[in-house]
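# can you look at this prediction? I've put the sequence above it.
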Amino acid sequence: MANRLSKIVTRTGDKGSTGLADGTRVEKYCARIHAIGSVDELNSHLGVLLAETVPDDVRELLLHVQHDLFDLGGALAYPAAQFAEDKLLHMDDAIAHYNADLPPLKEFILPGGSRAAAQCHVARTVARRAERDFAALAQLEAVPQHGLPYLNRLSDLLFILCRVLNRTMGQEETLWQRKSVKLQET
């Protein structure tokens, strides 16, 4: 395999622009770079989650997701690239599999529980931001076709995995306690 990144420090971004994979230069604050950054941050949070003790099947799934997210970031960095539909189908299968044995929720749950589940909740919220950034980019430019539904499903999967991780660790979920709030008229 050839060296892909033989030079890490290029100084080409010192003035606030960055290069896309097709050679196009864009401002670092543009919507495409926001979306790429959010996907990258999400992938990093999954890396932190994988530093925790998680069941082998969950570890394998999350590693697969990390590869998918790297592919999605690449598809965003190379605007003509595609993001395969089979990744979305794999996500749907994982959601069905892990949700099948969970008890139905009767109330919202608060983020937390075991360290792994808490970190999974953080990844879930970053997935939602990546989804919002991707959707904002889609209003301006062409995006990989299956990327937005993938990120939407991924946040759902991560919520389910939070519950699975807490259950595996014997950790009770903390249910949101509805309190009546009186609104004052001004």
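Arrived safely, thanks for sending.
# going forward, measure contacts and count neighbours with C-alpha atoms only.
Will do.
# what is the lengthiest helix in the chain packed up against?
Scanning the chain for the helix with the most residues, using DSSP state H, yields helix 115-138. When contacts are defined as 3 or more C-alpha pairs under 8 Å, 6 or more residues apart in numbering; DSSP states H and E, helix 115-138 sits against helix 31-50, helix 147-168.
# now render those helices as a markdown table, adding distance to L140, mean pLDDT and mean neighbour count.
Compiled in a markdown table, the helices and strands packed on helix 115-138 are given as follows (distance: least, C-alpha to C-alpha, whole Å; pLDDT from 0 to 100; neighbours: other C-alpha atoms under 10 Å):
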| stretch | distance to L140 | mean pLDDT | mean neighbour count |
| --- | --- | --- | --- |
| helix 31-50 | 8 | 93 | 20 |
| helix 147-168 | 14 | 96 | 21 |
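# which secondary element of this protein has the worst mean pLDDT?
In the chain, no helix or strand scores lower on mean pLDDT, DSSP states H and E than strand 17-19, which sits at a mean of 64.
# residue nearest the centroid of the protein?
Centrality entry for the chain: nearest residue to the mean C-alpha point is A127, 3.3 Å, by C-alpha atoms, centre = their mean.
# quick check, pLDDT for that residue.
Looking at A127, its pLDDT stands at 97.
# residues touching the nearest residue to it once chain neighbours are set aside, list them.
Spatial nearest neighbour of A127, excluding adjacent residues (C-alpha to C-alpha, 6 or more residues apart in numbering): S155 at 5.4 Å. Contact analysis of S155 by C-alpha atoms under 8 Å, 6 or more residues apart in numbering lists 124-125, 127-128.
# re the thing from before, buried stuff in the longest helix of the chain?
Residues 116-135, 137-138 are the ones in helix 115-138 that count as buried (16 or more other C-alpha atoms under 10 Å).
# from the middle of its chain, how far away would that helix be?
Computed by C-alpha atoms, centre = their mean, to the nearest Å, the chain-centroid distance of helix 115-138 equals 5 Å.
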